[in-house]
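Novice: sequence and predicted model, in that order:
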Amino acid sequence: MARRSIVVLTAGLSVVGLTACGRIDPKDKPSGSRPPAQIMLSAAITDRGVDISPARVGGGPVRIVISNQTKRNLRTTLVGASGEDRRGTNAIAPGQVAAIQATLREGSTYRLRTAGANPVRPAVLRVGNQRKSSDDELLLP
């Protein structure tokens, strides 16, 4: 009888202890909520211009993978509407890829453009509302 009481008491305390685990109010975190998870965008440079997909995203961190499908070396730059947000790549050889990482601001418009003697039509990237925090996502770095 005493053994059964100990088992029931231990199981009850375990259930109570487990329900208390992992509950942290965002206000109690030392650095607040985590930023949104990074999303991947794809861009292709062709002789007709730069295409980006998707062309509309929410604000937060992004990684843009750019493929050069032309026959010449090209540099690319991601520029915000104000001109102050600039991220660029080194020259991308024909058939090669490069990446740009940036944090896009809510409500902004960016242009992914090429530089050089014969630039092609830039891609327009529109940023909507800020994406939600990645607090509830597991296995993020």
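Specialist: Ah, there it is.
Novice: and the pLDDT at the residue nearest the centre of the chain?
Specialist: For the chain, the residue sitting closest to the mean C-alpha position, by C-alpha atoms, centre = their mean, is residue 38 at 2.1 Å. What the model reports for residue 38 is a pLDDT of 91.
Novice: for it, give its distance to residue 129.
Specialist: Here the distance between residue 38 and residue 129 works out to 17 Å (C-beta to C-beta, to the nearest Å). For glycine as for every other residue, the C-beta is placed from the backbone atoms N, C-alpha and C.
Novice: what residues are bridge-paired with the residue nearest to the residue nearest to the centre of the chain when sequence neighbours are not counted?
Specialist: Computed as C-beta to C-beta, 6 or more residues apart in numbering, the closest residue to residue 38 that is not its neighbour in sequence is residue 61, at 4.2 Å. Listed beta-bridge partners, residue 61: residue 103 (assigned using DSSP bridges).
Novice: contact partners for residue 61?
Specialist: By C-beta atoms under 8 Å, 6 or more residues apart in numbering, residue 61 lies in contact with 35-39, 101-104.
Novice: isn't residue 53 right up against residue 42?
Specialist: Yes. At 5.2 Å, residue 53 counts as touching residue 42 under the criterion of C-beta atoms under 8 Å.
Novice: number of residues surrounding residue 119?
Specialist: Here the neighbour count serves as a burial measure; for residue 119 (other C-beta atoms under 10 Å) it reads 14.
Novice: show the contacting residues for it.
Specialist: Counting by C-beta under 8 Å, 6+ apart, residue 119 makes contact with residue 113.
Novice: hang on, it in a strand?
Specialist: No. According to DSSP: H, G, I helix; E, B strand; the rest coil, the state of residue 119 is coil, so it is not within a strand.
Novice: give me the pLDDT for it.
Specialist: At residue 119, the pLDDT value in this model is 82.
Novice: could you do residue 74 as well?
Specialist: Confidence for residue 74, expressed as pLDDT, is 91.
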